[in-house]
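**Q** Show me how the following folds:
(one chain, ligands or ions: 1)
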Amino acid sequence: MALDKDIVVLLGGVGGAKLASGLAQILPGQRLTFVVNTGDDFWHLGLRICPDLDTVMYTLAGLVNPDLGWGLKGDSAVALETLNSFYGVDTWFRLGDKDLATHLQRSQLLRCGRSLTEATGRLSKSLGLDAALLPMSDEEIPTKIETLELGELGFQEYFVKHRWQPALKSIRHAGSEKSSLTTQVRSALMAADMVLIAPSNPWLSVAPILAVKGMRDLLTSLDVPVVAVTPIIGGAAVKGPTAKIMSELGQEVTAANIANFYTGIINGFVNDSQNEPLGCSELRSIQVNTLMKTEDDKKSLARATLDWVESWGA
Ligand code: FO1
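**A** Take a look at the predicted model:
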């Protein structure tokens, strides 16, 4: 297996973090760079919240709440409950007591003039990560969701407050036109032997990464395998709104439409054994079990993907 290869993974939250965990269990951390969606980030209660960065960081550190897939295991919410009972603050977004330490530390670093890349590096090193954890950009590029019923919503309002129930009409990556790739993301991609797009929601979690100015051009200029893993299994999403969004955008919920989303960027696609084959696509593809319920599932998917991509060179 590709132990001597440098791999860059583009990913969002829970689904992406599972594959990240599988990769981190079979490869040396120094070979792995995770480029994480920050379109979900927002300022809330005076703190900078970066849900996908934290989900990946806590997962890799073995600290994530296994029931939720985000947040810290064994956390409580006394601070938030007190904020509500003393001061009547609407606490629709759950911030655990331990989790608050991460938001406080990050916000403090940002207020002292550190970039999000630097702040994330410090937090992840403190939690013992060897792999590089990078935000997609140092600029704020908040994802805005135009809905049928409620007009435009901030990402977390759409996702958490309204439980992704309003019908999605379109998505905007505010400020992306003025954004730029960080030196760290650019260098990692230029040195990569392989790029993986995790089974994260293409519209909500990967599109924000692709919207960073210069990202699409850089990805298409690479002469290495760029492989996406399907988030759709048997016509449904494992978790979250991927299938619902596809229907709202008038698309059939198929792996082929996921592969189409990445046209021009990927040259390989990991499809699930339960899905229809891609058909007459020019893409290389493989069908394996992509459902990651156990640690073994995560490692198996990571290993199958790497072994398959390595076989291209044979
Ligand atoms: N998801 C929820 O469904 N409800 C919450 O209250 C919530 C709080 C939260 C706090 C910190 C954090 O890092 C993640 C949190 N999430 C919550 C998850 C998050 O909204 C989503 O999983 C991602 O933004 C989508 O990838």
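
**Q** who in this structure is up against the ligand?
**A** 12-14, 40, 49, 51-52, 54-55, 70-71, 93-95, 99, 156, 159-160 (CB under 6 Å from any ligand atom). For every residue, glycine as well, the C-beta is placed using N, CA and C.

**Q** Give me the secondary structure label for the residue of the stretch 101-250 of the chain found nearest the ligand.
**A** When scored by CB to the nearest ligand atom, the stretch 101-250 of the chain has V160 as its residue closest to the ligand, at 4.2 Å. Secondary structure assignment for V160 (DSSP: H, G, I helix; E, B strand; the rest coil): helix.

**Q** residue contacts, it?
**A** 92-93 (CB atoms under 8 Å, 6 or more residues apart in numbering).

**Q** what about it, distance to A61?
**A** 23 Å (CB to CB, to the nearest Å).

**Q** cool, and A101?
**A** Applying CB to CB to A101 and A61 gives a distance of 13 Å.

**Q** and if you look at A191?
**A** Separation of A191 from A61 (CB to CB): 25 Å.

**Q** The two: who's more crowded?
**A** A61 (15 against 11; other CB atoms under 10 Å).

**Q** which residues touch the more buried one?
**A** Remark: with contacts taken as CB under 8 Å, 6+ apart, A61 is in contact with 124, 127-129.

**Q** In contact with the closest residue to M292 other than its chain neighbours, which residues?
**A** Nearest residue to M292, sequence neighbours excluded (CB to CB, 6 or more residues apart in numbering): K18, at 4.3 Å. Applying CB under 8 Å, 6+ apart to K18 gives the contacts 59, 199, 292, 298.

**Q** OK, contacts around the last one?
**A** Right, K298. Going by CB under 8 Å, 6+ apart, K298 touches 18-19, 21-22, 25, 292.

**Q** In what element of secondary structure is it found?
**A** Using DSSP states H and E, K298 sits in helix 295-311.

**Q** which residues of the stretch 51-200 of the chain fall in strands?
**A** 132-135, 143-147, 151-154, 168-173, 194-197 (DSSP state E, counting those that start in this stretch).

**Q** how about these in a markdown table, adding mean neighbour count?
**A** What follows is these, written out as a markdown table (neighbours: other CB atoms under 10 Å):
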| stretch | mean neighbour count |
| --- | --- |
| strand 132-135 | 24 |
| strand 143-147 | 20 |
| strand 151-154 | 15 |
| strand 168-173 | 16 |
| strand 194-197 | 26 |
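
**Q** Which phi and psi values does the nearest residue to L104 once chain neighbours are set aside adopt?
**A** With sequence-adjacent residues excluded and distances taken as CB to CB, 6+ apart, L104 is closest to L47, at 6.7 Å. Dihedral pair for L47: phi -120, psi 150, per degrees, to the nearest 10.

**Q** try the one 3 residues further on
**A** Dihedral angles phi and psi of C50 (degrees, to the nearest 10) take the values phi -130, psi 80.

**Q** list the contacts for the closest residue to the ligand within the chain?
**A** Closest approach between the chain and the ligand, counting by CB to the nearest ligand atom: G13, at 2.8 Å. The contact partners of G13, by CB under 8 Å, 6+ apart, come to 37, 40, 51-52, 55-56, 69-70, 200, 205.

**Q** Swap in 10 Å and give it another go.
**A** 36-37, 40, 51-56, 59, 69-70, 159, 198, 200-201, 204-205, 239-240 (CB atoms under 10 Å, 6 or more residues apart in numbering).

**Q** Which neighbours do A101 and A61 have in common?
**A** With CB under 10 Å, 6+ apart as the test, A101 and A61 both reach 72, 123.

**Q** rewinding a little: would you mind checking the residues of the chain next to the ligand for buried ones?
**A** 12-14, 40, 49, 51-52, 54-55, 70-71, 93, 95, 99, 156, 159 (16 or more other CB atoms under 10 Å).

**Q** give me the low-pLDDT residue ranges for the stretch 51-200 of the chain?
**A** In the predicted model of the stretch 51-200 of the chain, no residue satisfies pLDDT under 70.
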